[in-house]
Structure formats: C-alpha cells, structure tokens
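Undergrad: Pasting a predicted model and its sequence here:
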Amino acid sequence: MATEKNDYTLLEFVNSSFYGGRLLATFFERRFEVYAGLYSGSAQFQSIREPDGNIIIEAQNAARSRPTTMVFGMQIDATDDYVDPRRGLRFNVSNWRTPARDVGPDFFYMDYSATAYIPLGRQSAWAFTYLRSDAYVLRQGETDYDVIARNQGLDCDTITDLQQRTECEQVINSIIAANTYGTATSLGGLSRLRSYPEGRYKGAHTEFFGTEVRWNLTEENKPFNIVIVKDVRVAFQIALFYEIGTTADRRSELWDITRSSYGVGVRMVVASGLVYRIDFATGNEGFQTSIFFQYPW
C-alpha cells in the first residue's frame, strides 16, 4: 500500500472470456441463506502500459491463463428489512477456493463480514461494517523469477529506460508474491475504499471498517418512468460515509499502512428491491465517482 497516486501500471490482456454462476437457497423468509458459485475464464497477457497508455513492453507468446474460483458461503440476516435495513445485524462468511492452474498457487481465502444498522429516528439509519479476509496457501505456485518471466512473455532486460525496467520487474515480483502468499479480498472500487479504483490494493490479508449515515429525505410510493427504467420510488436518500482499510501479505503487517475514503452518496430505493446509487468519494489519491445498484454493504 506504500504507493502514490500514479505508482501503478496498466496490464493489457487479449482473447479474454469469462463465465460463472451462483446458486442461492434461502430459509426463514431470507433470514438465513447459503450459496455456492463457480467462476472461470481465460485470458492472454499482451502488454504493460504506463498510466497514460504508452506501452512499456509487449509480451511475446505469453501463456494463456485459465483461473477457476469456487465459492461457498452463508449469511444470517437479523435486520428489519432485507433491501433497506434500518435496524439489526447481518453476518456473512464465505470460502473462496482457487485450485492450482499453470504456474499459480493452490489457495483459498476466507471472508468474514458483519454489519450493524442503528435507527436514527423513524426514517433514517446509521450503518457500521467490518470485513476480515485471509488467504491460506495449500501449495505455492511458481516463485522462480525467470520461469515467471518466460510464462508471461516478458524480458525486462531489453528495456533501456531504468524506471520502466523497474516497473516491468515489479509486475513479475507481484506475481511471485501472489504465488507465495495467496490473494485475499482487495480494497478499492464500488464497496470498500470508494475513492480508489477497483482492486487498487491487494494482499494476502485485508481488514476494513466503514460507517455510513443514511438519511431518508422522503418516504413515498410514487411511480416513475425514465426512458428505460419504470418502477415505484419508495425512498430518496442522502448518505455520508467514511471508510478505512489495510492490506498486507503478512498478517503482522496489517495496519502498518492504511488508506481511507470519505464522501457523500445519493440513493433511490424502489419497490422492485433495487437501490440506485451514486457515490462521490475522495481520498489521498483524489476524487472518484461511482454509479451502481444496491448498497455497498
């Protein structure tokens, strides 16, 4: 996490495909859920680029990666409303397993999350959430630098610019770290650390705290029809949020470095069970806007 705003490179892949699905069983009026899923795909590494898009190096005959991930989990929902909770607790535990493929490791990670909702008056709520994610490696993947370089089709020694050569070597070293320690849930994106890009921070261990005040401005049952969206609006909401998280490859290094986000969101809850969400977040790397469905947690 010890990086600045522009301390990153873009990895370009081609011939990508992805598929997956999830089965969900609910009990006791959705108070208890169990689920299982399978996600797989394939892609071929093509190039490393600077943040502005300029190519640092193009891969030569990189091996095609074919990762597969299986998930099994359960959720206990002790809230007053499944879609728009204002009171109660919600717990989620999940196991994400990635078997060894190609040069990758055989590992799994466990996610544990808990969210509490405290009512503020009759219409609003204050949400608090916690996430812990830990990776466990059953068998390490390839950790030899030269083998990884050949597998990715990279020859960093051909780069004359020293800074770009270092960036090329960092890509290979990041793969070695992932093959050694595994990878847990990342930080950044639509749900956690919303002022950072999706997957901005990754490591074998992650911990995250967040809080959000959800102030309902209106409660109504008003039909609307906007171009392709037709539904019944039941609540219009403003949210204020703050988040802080940490990630590291070694558990002992958690909280040595942290990143945080704060901001404001606008939400519309509709009768079909969706929550239309726009969040405006800021952090030490600048401002980020996200548009999505459902609450972040």
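TA: Here it is on my side, so go on. Numbering: from 1, shown residues only.

Undergrad: Show me where this protein has its helices.
TA: 145-152, 162-181 (DSSP state H).

Undergrad: Mind giving me the packing neighbours of the longest one?
TA: In other words, helix 162-181. Helices and strands touching helix 162-181, by 3 or more Cβ pairs under 8 Å, 6 or more residues apart in numbering; DSSP states H and E, are strand 32-49, strand 55-58, strand 124-139, helix 145-152. Glycine gets a C-beta too; all of them are placed from N, C-alpha and C.

Undergrad: Among these, which comes closest to Ser272?
TA: strand 32-49 (19.4 Å; Cβ to Cβ).

Undergrad: what comes up buried for the closest one?
TA: 33, 35, 37, 39, 42-49 (16 or more other Cβ atoms under 10 Å).

Undergrad: so what's the closest residue to Phe241 other than its chain neighbours bridging to?
TA: Distance criterion Cβ to Cβ, 6 or more residues apart in numbering; nearest residue to Phe241, sequence neighbours excluded, is Glu212 at 4.0 Å. Under the criterion DSSP bridges, Glu212 forms beta bridges with Ala127, Phe241.

Undergrad: For Glu212, grab the count of nearby residues.
TA: 22 (other Cβ atoms under 10 Å).

Undergrad: picking up where we left off before, now flag whichever of the buried residues of strand 32-49 is closest to Ser174.
TA: Among those, Ile48 lies closest to Ser174 (Cβ to Cβ), at 11.2 Å.

Undergrad: measure that closest one to Gly273 for me?
TA: In this view, Ile48 and Gly273 are 42 Å apart by Cβ to Cβ, to the nearest Å.

Undergrad: The helices and strands packed on helix 162-181 into a markdown table, with extra columns for distance to Ser260 and mean pLDDT?
TA: Converted to a markdown table, these look like this (distance: least, Cβ to Cβ, whole Å; pLDDT from 0 to 100):
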| stretch | distance to Ser260 | mean pLDDT |
| --- | --- | --- |
| strand 32-49 | 28 | 97 |
| strand 55-58 | 30 | 98 |
| strand 124-139 | 14 | 98 |
| helix 145-152 | 33 | 98 |
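
Undergrad: Adding distance to Asn179, write the ones you listed out as CSV.
TA: Below are the helices and strands packed on helix 162-181 laid out as CSV (distance: least, Cβ to Cβ, whole Å):
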stretch, distance to Asn179
strand 32-49, 15
strand 55-58, 21
strand 124-139, 8
helix 145-152, 8
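
Undergrad: All set, thanks.
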